[in-house]
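Peer 1: Next come a sequence and a model predicted from it.
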Amino acid sequence: MRRALASGLAAVALGCGGHAVQLNSKAVPVGSRWNAVLSTPAGLTGVVQVRGVGWMQRSDKDSAQTQAHVEITNAAPGGRHPWHVHRGQCGTDLGILGPADAYHVLKVGGDGKAKDDATLQLPLPMSGQYFINVHASAQNMSTIVACGNLAPPSR
């Protein structure tokens with residue numbers, strides 16, 4: 001029995017690539033922040049297929065501030081995409097959360113990836129509906145290349 005158990009554990013370790021999981025003691029638990037998975041809206045399917053993730057959480061430095069984060073992949077290298085957290089849901093925009101100039105333009109690298117962080121001078125919302133969107137460009141803000149609804153913390 002012990003030999004079978006040891007063999008089974010070895011197979012599980014090897015099946016997982018044999019890499020140890022590294023824990024970041026400073027990481028904020030996913031359950032304590034708003035989280036989103038971003039994708040290209042259906043109307044642009046076949047034209048672009050941008051994917052990504054995003055979140056917002058209470059700032060580690062000041063509880064009166066909110067940190068927002070977005071990462072995208074599969075974007076055109078060299079692209080520059082404005083992004084924002086908005087009130088409402090994808091397709092039902094109720095306005096940007098905080099000032100628009102708190103968000104930096106995403107600058108897509110040669111690998112099709114970009115990420116950015118924003119600090120909003122307001123406390124983390126505890127209720128409501130929010131989403132993250134990524135615009136085609138500063139000259140084409142009406143075209144959304146990726147959007148994701150933020151799911152509330154599980155507190």
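Peer 2: Good, I have the coordinates.
Peer 1: Name the nearest residue to I132, sequence neighbours excluded.
Peer 2: Once flanking residues are discounted, I132 sits nearest to G54: 4.1 Å by C-beta to C-beta, 6 or more residues apart in numbering. For glycine as for every other residue, the C-beta is placed from the backbone atoms N, C-alpha and C.
Peer 1: now the spatially most central residue of the chain, which residues is it bridged with?
Peer 2: Nearest residue to the geometric centre of the chain (C-alpha atoms, centre = their mean): G54, 1.3 Å. Beta-bridge partners of G54, counted by DSSP bridges, are A36, V70.
Peer 1: isn't it right up against V70?
Peer 2: Yes - counting by C-beta atoms under 8 Å, G54 does reach V70; the two are 4.1 Å apart.
Peer 1: State the distance from T143 to H69.
Peer 2: Distance of T143 to H69, computed by C-beta to C-beta, to the nearest Å: 23 Å.
Peer 1: which one of the two has more residues nearby?
Peer 2: Between T143 and H69, counting by other C-beta atoms under 10 Å, H69 is the more crowded of the two (17 against 14).
Peer 1: Give me the distance between that one and H86.
Peer 2: Taking C-beta to C-beta, one finds H69 at 15 Å from H86.
Peer 1: Understood, closing this out.
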